[in-house]
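Enquirer: sequence and predicted model, in that order:
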Protein chains: 2
Amino acid sequence: MMNSDMELRHLRYFTAVAEALNFTKAAARLKIAQPALSRQVQDLEDEIGVDLLKRSPRGVTLTAEGKLFLEEARDTLKRVEDAVLKVRALARGEYGELQIGYAPSPSLELLPPALSAFRAAAPSVKVVLHDLAGDELTSGLHDGSLELAVMIQPSLESGAGLEFEELRRYPFYVAMPAGHPLSKLKTVTVERLAEEALVAFRRLDYSEYYRILDSIYPPPGPRPRIAVECDGVSSLITEIEIGKGVGLVSEIFQRAAGKRLVYRRLSNCQEFHRVGIARSIKGDVTPAGERFCEILRKVSKSGTSKSARPGSV
Amino acid sequence: MMNSDMELRHLRYFTAVAEALNFTKAAARLKIAQPALSRQVQDLEDEIGVDLLKRSPRGVTLTAEGKLFLEEARDTLKRVEDAVLKVRALARGEYGELQIGYAPSPSLELLPPALSAFRAAAPSVKVVLHDLAGDELTSGLHDGSLELAVMIQPSLESGAGLEFEELRRYPFYVAMPAGHPLSKLKTVTVERLAEEALVAFRRLDYSEYYRILDSIYPPPGPRPRIAVECDGVSSLITEIEIGKGVGLVSEIFQRAAGKRLVYRRLSNCQEFHRVGIARSIKGDVTPAGERFCEILRKVSKSGTSKSARPGSV
DNA sequence: GCGCAGCCATGCTTTTAAAGCATGATGAAC
DNA sequence: GTTCATCATGCTTTAAAAGCATGGCTGCGC
């Protein structure tokens, strides 16, 4: 109520007068007539109830109150200007916060180059990365705590309400310890693998693994026996290393896992490890998120990988 | 140019809509018609060039940009309001900074109670105290680094351009070590003191001391021999203690110095140690400074001291 | 499925207030 | 004392915000 008709105009005008220390010159700079300026500044002083300027026939001087108010007015004006710039930057995808989930090994080829390109394109966006297991990613996308995720295509159930955009596909390999019988073969057939014991991921955290398994080995038929379920990549490697069984992994896994294991191509398999962008169908897509996706697509196309791309099956 | 006709009104209106999530209700709360509100918010969005709200026939929702701008708008409005309050507080003497100089012993009775009363009356004023020698006070007042000082009445030369308001006057005493011949007398006459060696202050820093000396002992006549000049109270006490001479000090000095010395009243002396407020004649007197002076006067009147007050000579 | 209610936008008018113009008052400098 | 620059005041013009009436959209309930 008390200052309800103070406007930024008053601050702009007062600031101009305080800088010029002269109404006439300030009015010229503002491109308005001097009496209009005088009146607006008077209105401001009336509103505050304090004299901000001492008028004299040779110009004006600031009172102590005027000095204080000048600082505040400048600060406020700058703040408003910055607010507008921020909002515009946000709209252009160059400001804000971006919550990105990712599955570490599958995103190995895509995320690091995309992050560095994005950092160059939008340095004011704060990217928050979340290294999560498959189903933690889908739930994060659903509840909105993640805006997008770079991950393996989710299973139908957990992927409901999400859209998935495939960027890369990788053929499957069988991982085994050095000296394993299968290592004598050049490639392993689906049927041959069905006879092996399998070191798998935990169903709870990696339902997409079971989607793939179901797809390669449709339920009633024979499939590898699951010897143990692991909660992550490193335990998977260890379990295979100590001979609990073989692993069914994608090409990209090899690069992530290093040389502790031996790999053989799963030869007659039409299924691929599909890696791409997952997003909630109805979630707000921020411009920053959109921009990040564009960069991911570009990185994916221009990538130096030898692996097949979506179109080249 | 780009946001030169954005006004606080736009921020107020947008904030109201963002809070009500409904133009109609927000308009009612603002006591304006709904179309006026719609148009102002539209103007704001046009100005920024970004959609802040998503309209639907059942209300509005904030876009991500809208959320960001809402925070900024609230912040700006609060800032403006605070600025006005600060300026008003400054005008009332309840805000700002107050540079006060003081001479430690003479202000002993006045300053501590005044400071605590002022602190209670104007807690937001930052009081900066400067413990300085006599002539440092006067120069500080002249150059504007001090707004006021509680001190002994300055000499004519150094006090030019300053106004002095006497608050208290104290009779003079002769300070001497225990066992000094003068200590056998009940009081010391001016003539008797003229025969003694005097431990004085440095002329450079304490010209008012010499003003007083000249007043008690007008120049051509006899006066105490100055044995040594000291740069402060503690060295004065020490020099007297070790027998270099006696000191000419005021009643208030005793309380500051404690019981290391013995004091005898200077009996037939019309001169007093005058303590009060010194200010620059043309300097800006801030309301806080004015207020502090009022409190000083009140403290001085209501003080419990046994010393004479200005009127009661 | 259709009408109704709630909500927001648009077109036009009215009202408010800012801007402009002419002039007057003031005090410092010459 | 005159002059000049500077700010204030009175009145008019202009611009913009507010108001009013209305129309269109959409979701909900009958």
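Expert: Structure's in. What do you need?
Enquirer: who are the neighbours in contact with A:Gly247?
Expert: Counting by CB atoms under 8 Å, 6 or more residues apart in numbering or on different chains, A:Gly247 touches A:Val174, A:Ala175, A:Met176, A:Leu198, A:Val199, A:Ala200, A:Leu236, A:Ile237, A:Ile240, A:Leu261. Just so you know, the C-beta spots here come from the backbone N, C-alpha and C atoms, and that holds for glycine as well.
Enquirer: where does chain A dip in pLDDT?
Expert: Along chain A, the parts satisfying pLDDT under 70 run over A:1-4, A:283, A:303-313.
Enquirer: show me where it has helices.
Expert: Under the criterion DSSP state H, chain A contains helices at A:8-20, A:23-30, A:34-48, A:64-91, A:111-121, A:134-143, A:190-193, A:207-216, A:233-241, A:251-257, A:287-302.
Enquirer: how about the ones you listed, which one is nearest B:Phe14?
Expert: Closest of those to B:Phe14 is helix A:64-91, at 11.2 Å (criterion: CB to CB).
Enquirer: kindly report the residues of chain A close to chain B.
Expert: Within chain A, the residues that sit near chain B (CB under 8 Å from any CB of the partner chain) are A:2-4, A:6-9, A:11-12, A:47-50, A:52, A:64-65, A:68-69, A:72-73, A:75-76, A:79-84, A:86-88, A:90-91, A:96, A:284, A:286.
Enquirer: of the residues you listed, just the buried ones, PyMOL syntax please.
Expert: To isolate in PyMOL the members of these that are buried, counting by 16 or more other CB atoms under 10 Å in any protein chain shown, one can use:
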select buried, chain A and resi 3+6+7+8+9+11+12+47+48+50+52+64+65+68+69+72+73+76+80+83+84+86+87+88+90+91+96+286
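Enquirer: so which of the residues of chain A next to chain B reach DNA strand C?
Expert: Restricting the residues of chain A next to chain B to those adjacent to DNA strand C (criterion: CB under 7 Å from any atom of the strand) gives A:Glu7, A:Arg9.
Enquirer: so what's A:Ile59 bridging to?
Expert: Ile isn't right for residue A:59; it's Gly. A:Ser56 (DSSP bridges).
Enquirer: mind checking how far it is from A:Lys25?
Expert: 9 Å (CB to CB, to the nearest Å).
Enquirer: grab the most central residue of chain A for me.
Expert: The centroid of chain A falls nearest to A:Ile100 when counting by CA atoms, centre = their mean (3.5 Å).
Enquirer: which residues are in contact with the nearest residue to it once chain neighbours are set aside?
Expert: With CB to CB, 6 or more residues apart in numbering or on different chains as the criterion, A:Ile100 has its nearest non-adjacent residue at 5.5 Å, and that residue is A:Leu129. The contact partners of A:Leu129, by CB under 8 Å, 6+ apart, come to A:Ile100, A:Gly101, A:Tyr102, A:Leu115.
Enquirer: what's the answer for A:Ser267, then?
Expert: Contacts for A:Ser267 (CB under 8 Å, 6+ apart) come out as A:Thr187, A:Val188, A:Thr189, A:Val190.
Enquirer: let's see 10 Å
Expert: By CB atoms under 10 Å, 6 or more residues apart in numbering or on different chains, the residues touching A:Ser267 are A:Pro171, A:Phe172, A:Val174, A:Leu185, A:Lys186, A:Thr187, A:Val188, A:Thr189, A:Val190, A:Arg192, A:Leu193.
Enquirer: distance to B:Tyr209 added to the helices of chain A, as CSV?
Expert: Compiled in CSV, the helices of chain A are given as follows (distance: least, CB to CB, whole Å):
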stretch, distance to B:Tyr209
helix A:8-20, 45
helix A:23-30, 51
helix A:34-48, 47
helix A:64-91, 35
helix A:111-121, 70
helix A:134-143, 79
helix A:190-193, 106
helix A:207-216, 92
helix A:233-241, 84
helix A:251-257, 86
helix A:287-302, 73
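Enquirer: out of those, nearest to B:Glu229?
Expert: Checking the helices of chain A against B:Glu229 by CB to CB gives helix A:64-91 as the closest, at 40.1 Å.
Enquirer: who's the residue nearest to the centre of chain A bridged to?
Expert: A:Leu129, A:Leu148.
Enquirer: A:Arg223 - how many residues pack around it?
Expert: A:Arg223 is flanked by 17 other residues according to other CB atoms under 10 Å in any protein chain shown.
Enquirer: and A:Arg297, by the same measure?
Expert: Number of residues near A:Arg297 (other CB under 10 Å) recorded here: 16.
Enquirer: name the nearest residue to it, sequence neighbours excluded.
Expert: Closest residue in space to A:Arg297, ignoring its immediate chain neighbours: A:Leu167 at 6.8 Å, by CB to CB, 6+ apart.
Enquirer: and for that neighbour, the neighbour number?
Expert: Per other CB under 10 Å, the neighbour tally for A:Leu167 reads 23.
Enquirer: cool, and A:Glu195?
Expert: Neighbour count for A:Glu195, taken as other CB under 10 Å: 11.
Enquirer: what sits against it?
Expert: A:Leu182, A:Pro222, A:Arg223, A:Pro224, A:Arg225.
Enquirer: what subset of those is buried?
Expert: Neighbour counting by 16+ other CB under 10 Å classes A:Leu182, A:Arg223, A:Pro224 among those as buried.
Enquirer: how about whichever residue of the stretch 151-300 of chain A sits closest to DNA strand D, nearest residue that isn't a chain neighbour?
Expert: With CB to the nearest atom of the strand, the shortest gap between the stretch 151-300 of chain A and DNA strand D falls at A:Lys282, namely 13.3 Å. Spatially, and ignoring its direct neighbours in sequence, A:Lys282 is nearest to A:Gly161 (7.3 Å; CB to CB, 6+ apart).
Enquirer: how about the contacts made by that neighbour?
Expert: A:Thr138, A:Leu141, A:His142, A:Ser280, A:Ile281, A:Lys282, A:Gly283 are the contacts of A:Gly161 under CB under 10 Å, 6+ apart.
Enquirer: tell me which residues touch the third one, please.
Expert: Spelled out, it's A:His142. Counting by CB under 10 Å, 6+ apart, A:His142 has contacts A:Ser158, A:Gly159, A:Ala160, A:Gly161, A:Leu162, A:Ser280, A:Ile281, A:Gly283.
Enquirer: next step: these restricted to strands.
Expert: A:Leu162, A:Ser280 (DSSP state E).
Enquirer: just to revisit the earlier point, look up how far B:Arg274 lies from the residue nearest to A:Ile100.
Expert: Per CB to CB, A:Leu129 is found 74 Å from B:Arg274.
Enquirer: next: A:Leu204.
Expert: 89 Å.
Enquirer: same deal with A:Leu52?
Expert: Distance, A:Leu52 to B:Arg274, by CB to CB: 38 Å.
Enquirer: before we move on, what about A:Ala194?
Expert: The spacing between A:Ala194 and B:Arg274, counted by CB to CB, is 110 Å.
Enquirer: looking at these two, which has the bigger crowd around it?
Expert: Taking other CB under 10 Å, A:Ala194 and B:Arg274 do not tie; B:Arg274 has more neighbours (20 against 15).
Enquirer: buried subset of the contacts of A:Gly247 as a ChimeraX selection?
Expert: Buried residues among those (16+ other CB under 10 Å), as a ChimeraX selection:
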select /A:174,175,176,198,199,200,236,237,240,261
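Enquirer: what about the contacts of A:Gly247, which are in strands?
Expert: With strands taken from DSSP E, the overlap with the contacts of A:Gly247 comprises A:Val174, A:Ala175, A:Met176, A:Leu198, A:Val199, A:Ala200.
Enquirer: show me which pair in those residues is furthest apart.
Expert: A:Met176 and A:Ala200 (14.2 Å).
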